[in-house]
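Colleague: okay, sequence plus prediction incoming.
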Amino acid sequence: MADRLIRERLVAVRESLGINMAEAARRLEMSAMGYLRYERGDRDPSMQMIEVIAQRFGTSAEYLTGMTDDPSPSSIVISRDSDPELYDLVMSIKGCDGRKRNAVIELLGLKDRTRSRQGETGRS
């Protein structure tokens, strides 16, 4: 993975969220000046910080570093504290056997999306 943030992509993601730089800094729990340095390209965040930015802004580190042109997140974090019902749902589905899991996927209308993702990654 490339280890340099593409500042234009950072700006585009922030703008797509409809937030200003001060709000972006707040979401990242950093100073507004520190965030501004990332956007201006005056400072390069660590790969760890790029992962944090991607998670908090709903994109992927691969997108922010130019490894892909798809801004979709490659993973999500579900916190028990922020959404206990969703967390419990995911944990219960995770524990299901394949047949039950497939039934839930079909019930939610995710079957076609799951198949297309598996095809993209080479899984079956």
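Modeller: That came in fine, so what should we check first?

Colleague: please pull out the lowest mean pLDDT helix or strand from this protein.
Modeller: One helix or strand of the chain scores below all others by mean pLDDT, DSSP states H and E: helix 111-121, with a mean of 53.

Colleague: tell me how this protein divides into domains.
Modeller: 7-64, 84-121 (automatic domain parsing).

Colleague: those: lowest mean pLDDT?
Modeller: In terms of average pLDDT, domain 84-121 trails the rest of the domains of the chain, at a mean of 76.

Colleague: so which bits of it are buried?
Modeller: Ile105 (16 or more other CB atoms under 10 Å). C-beta coordinates here come from the backbone N, C-alpha and C atoms, glycine included.

Colleague: got the CA positions of stretch 83-93 in PDB?
Modeller: What follows is stretch 83-93 as a C-alpha-only set of coordinates in PDB (Å, rounded to 0.1, in the frame of the first residue of the first chain):
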ATOM      1  CA  ASP A  83     -25.100   1.200  18.400                       C
ATOM      2  CA  PRO A  84     -25.800  -1.800  20.800                       C
ATOM      3  CA  GLU A  85     -28.600  -3.200  18.700                       C
ATOM      4  CA  LEU A  86     -26.600  -3.300  15.500                       C
ATOM      5  CA  TYR A  87     -23.600  -4.700  17.400                       C
ATOM      6  CA  ASP A  88     -25.700  -7.500  18.800                       C
ATOM      7  CA  LEU A  89     -27.200  -8.300  15.400                       C
ATOM      8  CA  VAL A  90     -23.900  -8.600  13.800                       C
ATOM      9  CA  MET A  91     -22.500 -10.700  16.600                       C
ATOM     10  CA  SER A  92     -25.400 -13.100  16.400                       C
ATOM     11  CA  ILE A  93     -25.200 -13.400  12.600                       C
END
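
Colleague: quick revisit: the domains of the chain: which one's closest to Asp70?
Modeller: domain 7-64 (6.4 Å; CB to CB).

Colleague: which SSE is the residue of the chain most remote from its centre in?
Modeller: Largest separation from the mean C-alpha position in the chain: Arg99, at 28.1 Å (CA atoms, centre = their mean). For Arg99, the host element (DSSP states H and E) is helix 98-107.
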